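Asks: Return atomic coordinates for the entry below.
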Amino acid sequence: MKGIPGLIIAATLAIAGGICNWLYIARQADRYERESFVVVRVDQIRAGERFKREDFDKVEIPRNNLGNLEKIAVRWGDLSTVVGQSAVKDFVRDQLILQDDLKTPPQENLNRKIGPNERVVWLPVDPRSFNPQHVNPGDMVSFRVPTGMSGSPSPTAVGAEPAAVLEEIIGPFRILALGNRKGTPETARIAGQRFGAENVMAVSVEIRGAELEPKAKRIFDIVAMTNFKGVQVLLHPAADNR
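Replies: Numbering: from 1, shown residues only. Below you'll find the model as predicted:
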């Protein structure tokens with residue numbers, strides 16, 4: 001009977017030791033477990049070229065060193081989603097393929113890009129003061145529109161100041177499309193899309209009850225008064241993009 005407590009203590013220590021060993025092994029296994037990602041194996045892939053299976057290799061990275069990589073890089077198991085796509089930029093050997101590298105020109109209908117209280121409207125843009133190559137769907141813009149003149153002094157009046165154009169800036173609005181372009185010029189070009197006229201801009205506006213939001217109503221009223229003359233575009237900082 002005297003030996004029973006000793007046996008119990010020994011058994012308890014053995015179990016505790018086993019648990020500690022199991023935890024250690026689990027930690028070591030986690031340290032050396034790896035995730036596989038897609039990496040470029042050729043010297044160069046040029047923008048516009050189609051990805052081929054032989055362009056890529058597998059790179060394994062320890063799980064405890066991943067950081068946020070698993071959220072932004074393409075996993076090796078998803079290689080099939082890469083093959084056949086067109087490169088949107090140049091790639092070099094050993095470069096990881098990121099999910100953002102696989103952006104393609106958006107093809108969805110515009111009404112799928114707005115919320116239930118939004119509507120899509122089109123506005124004419126003054127092509128003389130607008131370069132669409134520097135503006136993309138998703139950008140935020142405001143519009144500069146004339147609202148009248150400050151006065152009409154007699155041209156014969158001595159020392160009379162010339163009439164000044166009154167203006168108003170209305171916005172911001174989110175761009176949904178420029179002409180028929182729904183993505184960046186680069187991705188549209190690589191995908192072989194043709195560029196049409198981009199002097200008509202599709203933007204999203206809010207609906208409040210049965211009426212347009214005030215800024216949308218205001219710009220439509222002014223555009224109608226100017227016989228749908230093109231508006232001037234003011235591009236907002238990237239930080240304003242939604």
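Asks: which residues does the closest residue to Asn111 other than its chain neighbours contact?
Replies: Nearest residue to Asn111 in three dimensions, chain neighbours excluded: Val120, at 6.5 Å (CB to CB, 6 or more residues apart in numbering). For the C-beta atoms, the positions are set from N, CA and C on the backbone; glycine is no exception. Applying CB atoms under 8 Å, 6 or more residues apart in numbering, we find Val120 in contact with Leu110, Asn111, Ile114, Leu176, Ala202, Val203, Ser204.
Asks: send the alpha carbons of the helix or strand hosting Val120 over as PDB?
Replies: For Val120, the host element (DSSP states H and E) is strand 118-124. Output of strand 118-124 as PDB, limited to C-alpha atoms (Å, rounded to 0.1, in the frame of the first residue of the first chain):
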ATOM      1  CA  GLU A 118     -27.700  54.800 -55.800                       C
ATOM      2  CA  ARG A 119     -28.300  55.400 -59.400                       C
ATOM      3  CA  VAL A 120     -26.100  55.700 -62.500                       C
ATOM      4  CA  VAL A 121     -26.100  58.900 -64.400                       C
ATOM      5  CA  TRP A 122     -24.100  60.200 -67.400                       C
ATOM      6  CA  LEU A 123     -22.600  63.600 -67.700                       C
ATOM      7  CA  PRO A 124     -20.900  65.200 -70.800                       C
END
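Asks: Let me know the distance separating the residue most central in space within the chain from Glu54.
Replies: By CA atoms, centre = their mean, the chain has its centre lying nearest to Gly138, at 7.1 Å. Distance of Gly138 to Glu54, given as CB to CB, to the nearest Å: 35 Å.
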